[in-house]
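**Q** Here is the input, now give the coordinates:
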Amino acid sequence: MIFRLAITSAALLAAVGGLSACESTQETSQRLSLDAKKLLNVEGLKVTKQNARIKVTSTTVLHDQYGSAVIVNLANSGKTQLAVPIALKLLGKKKKKIWDNSLAGLDASLISAAAIEPGRSFWVNNQIQSQEIPRSATAKVGISDTPLKTALPKIALSKEALNSDVSGAYLGGVITNNSKITQKRIVISCISSRGSTIKAAGRAIIERLQPAPTKKPNLFRVYFIGNPKGGSMKCIAPPTTLTGE
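**A** Numbering: from 1, shown residues only. Reported below is the predicted structural model:
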């Protein structure tokens with residue numbers, strides 16, 4: 001199975017011809033496996049008590065030749081919360097469970113949202129490790145134990161444009177860190193929708209995002225599962241690092 005995750009390093013971005021520093025999908029899958037030893041989810045995710053303020057409003061499952069993705073739509077009726085656990089369960093034929101994200105060794109971004117601000121938002125998981133095609137999904141939002149003690153760093157996305165290459169459709173653009181704090185492993189999540197129907201979704205990870213201004217723009221590419229063409233695009237990139245320590 002090929003995972004649709006682009007990992008962009010600001011230090012390696014090429015300015016000539018708009019070249020991308022994204023790894024191939026095969027390289028990404030390999031590196032994610034090698035990194036499993038140092039990821040935070042050592043014991044596996046367990047959500048025993050659901051969040052009183054952040055609710056799941058709907059879930060969408062997408063599948064194409066590149067794999068599967070799940071989009072969890074969220075509504076936060078309270079204040080901003082950090083490192084919010086999200087337990088995901090995928091169902092196959094006859095609504096039987098075929099996969100969940102409680103496995104140990106998953107990246108933190110695949111079991112939690114870095115920050116969920118008040119209002120409506122969404123969370124994307126496109127690293128589904130199931131041989132069976134999922135038909136539907138359920139999600140539970142857990143309680144955050146990370147207090148918000150300061151204002152969130154401001155991250156901006158700009159100059160977004162839909163394009164394609166041999167790996168499929170992608171959204172390219174510029175990401176800017178408008179704070180004084182270097183961001184680590186920041187996730188850009190995007191969905192393309194028509195009306196209330198989500199047609200495509202994807203993610204990209206930037207390992208380090210230096211504060212602006214930078215010598216060169218920090219480019220990103222988000223590759224999609226599903227067809228994003230003709231849809232209304234929405235992207236989020238919540239900050240992951242709140243202090244410079």
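
**Q** Can you report phi and psi for the most far-flung residue of the chain relative to its centre?
**A** Relative to the centre of the chain, the most outlying C-alpha is that of residue 94, 28.5 Å out, by CA atoms, centre = their mean. Here is the backbone geometry of residue 94 (degrees, to the nearest 10): phi 60, psi 30.

**Q** just residue 192 next, same as before
**A** Torsion angles, degrees, to the nearest 10, at residue 192: phi -120, psi 130.

**Q** Low-confidence stretches in this protein?
**A** 1-42, 245 (pLDDT under 70).

**Q** what residues go with each domain of it?
**A** Taking automatic domain parsing as the domain assignment, the ranges for the chain are 5-31+150-236, 41-141.

**Q** right, so of the ones you listed, which gets closest to residue 244?
**A** domain 5-31+150-236 (5.1 Å; CB to CB). Where C-beta positions appear, they are placed from N, C-alpha and C, glycine not excepted.

**Q** ok now that closest one, how far from the chain's centre?
**A** 10 Å (CA atoms, centre = their mean, to the nearest Å).

**Q** ditto for stretch 103-113
**A** With CA atoms, centre = their mean, you get 11 Å for stretch 103-113.

**Q** first vs last residue of it, how far apart are they?
**A** 17 Å (CA to CA, to the nearest Å).

**Q** Name the residues of that stretch that come out as buried.
**A** Residues of stretch 103-113 classed as buried by neighbour count (16 or more other CB atoms under 10 Å): 105, 106, 107, 108, 109, 110, 111, 112, 113.

**Q** now do stretch 87-104
**A** Buried, per 16+ other CB under 10 Å, within stretch 87-104: 87, 88, 89, 90, 91, 92, 98, 99, 100, 101, 102.
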